[in-house]
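Trainee: I'd like to go over a predicted model; first the sequence, then the structure.
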Amino acid sequence: MRQNMMTISRLSIFLFGLMSILACEGVEFESQEELEAWFYDDSDTSSGRVSGGELVFVSPDKPETILHSRNQFTINTKSIDNGWVVLQQCYANLTPQKESQVVYQYKYMRKLTIVSSHQIGSSRVEGQTVQLNDIQSNAELCVNAEVRIFYQNPDKSFTLVSGPYHLKFLDGYYPMHLSFTVNFPAGQLQFTGLEPNHPQDMPAQFQAGQVSIDTYFEGKLTIKMNFKNLKNNQKK
């Protein structure tokens, strides 16, 4: 699997594509100063409270201080044939920085565009990255893209795979807030299961053609959502 890390001396938010089946997201700090800027003062996430990568669900005292990644994936009728889904993603509670970048390393990604930014001096897309300058407190960034993360299984069912999500500094993992919604054509697909299955820590909410979760965690979290093909379409 491909796990290249770009070494830079500033905050980066990484989204990786491992082989062709994972899209993972994490934040890594390259200096102690950056870590302190993120968890400065009275934040409930001190350097003495980190995990080693194992998945642990948490209930933070101050959720407003934690990096929030909001993700909405839309599976349309074409996705059943080609695996491409629409991604709408926003980051909130970005740490103040002079420079920062969001780095995407999906194997299959296209049409990356910036939808909006708040409390950010300037932002621009360069390849599979979003370059940010003059990030202020309470900064937010939203982007759109298309990613190929919807896969047909041998039994003709389908799985959407995204992860592992994580917030990392050196060998420690810090709390992260993840909101994750998948929209799908209810007449063609039926949601059949979620992995990992933690109803108390990561409860799923259901509507017609939509399933969503909202959770706080430490460590690495990979999400798999499984679907039955109601019309038994053949992919590819």
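Mentor: All right, it came through fine.

Trainee: give me the low-pLDDT residue ranges for this protein?
Mentor: When residues are selected by pLDDT under 70, those of the chain lie in 1-52, 105, 169-171, 233-236.

Trainee: Swap in 50 and give it another go.
Mentor: Residues of the chain meeting the criterion pLDDT under 50: 1-32, 35-36, 38-48, 233-236.

Trainee: Helices of that one, start to end?
Mentor: With helices called from DSSP state H, the chain shows them at 32-38, 79-82.

Trainee: Distance of the residue nearest to Lys78 when sequence neighbours are not counted relative to Met109?
Mentor: Once flanking residues are discounted, Lys78 sits nearest to Trp84: 6.9 Å by CB to CB, 6 or more residues apart in numbering. From N, CA and C alone the C-beta is placed, and that goes for glycine too. Distance of Trp84 to Met109, computed by CB to CB, to the nearest Å: 10 Å.

Trainee: who touches both of those two?
Mentor: Common contact partners of Trp84 and Met109 (CB atoms under 8 Å, 6 or more residues apart in numbering): 146-148.

Trainee: Please report which of those has the highest neighbour count.
Mentor: Scoring these on neighbours with other CB atoms under 10 Å, the highest-scoring entry is Val147 at 24 neighbours.

Trainee: now the strand ranked longest in the chain: how far from the chain's centre is it?
Mentor: In terms of residue count, the longest strand belonging to the chain (DSSP state E) is strand 129-148. Averaging C-alpha positions (CA atoms, centre = their mean, to the nearest Å) puts strand 129-148 12 Å from its chain's average.

Trainee: mind listing what's buried in that strand?
Mentor: Across strand 129-148, burial judged by 16 or more other CB atoms under 10 Å covers 129-130, 132, 135, 139-143, 145-148.

Trainee: likewise stretch 79-91?
Mentor: Of the residues in stretch 79-91, 79-80, 83-91 count as buried by neighbour count, 16+ other CB under 10 Å.

Trainee: Just the closest of the residues you listed to Ile66, please.
Mentor: The shortest approach to Ile66 among the buried residues of stretch 79-91 belongs to Tyr91, at 11.6 Å (CB to CB).

Trainee: The closest one and Leu167, how far apart?
Mentor: Computed as CB to CB, the Tyr91 to Leu167 distance reads 11 Å.

Trainee: do the same with Met176
Mentor: For Met176, the distance to Leu167 equals 4 Å [CB to CB].

Trainee: check contacts around the residue nearest to Tyr151 when sequence neighbours are not counted.
Mentor: With CB to CB, 6+ apart as the measure, Thr159 is the residue that lies nearest to Tyr151, at 5.4 Å, once sequence neighbours are left out. Listed by CB under 8 Å, 6+ apart, the contact set of Thr159 reads 150-151, 153, 224-227.

Trainee: Most widely separated two among those?
Mentor: Pairwise distances across the contacts of Thr159 peak at 12.3 Å for Asn153 and Met225 (criterion: CB to CB).

Trainee: Comparing those two, which shows the higher neighbour count?
Mentor: The neighbour count for Asn153 versus Met225, taken as other CB under 10 Å, is higher for Met225 (23 against 12).

Trainee: show me the contacts for the more buried one.
Mentor: If you count contacts by CB under 8 Å, 6+ apart, Met225 has them with 159-160, 182, 191, 193-195, 211.

Trainee: Nice, that's everything, thank you.
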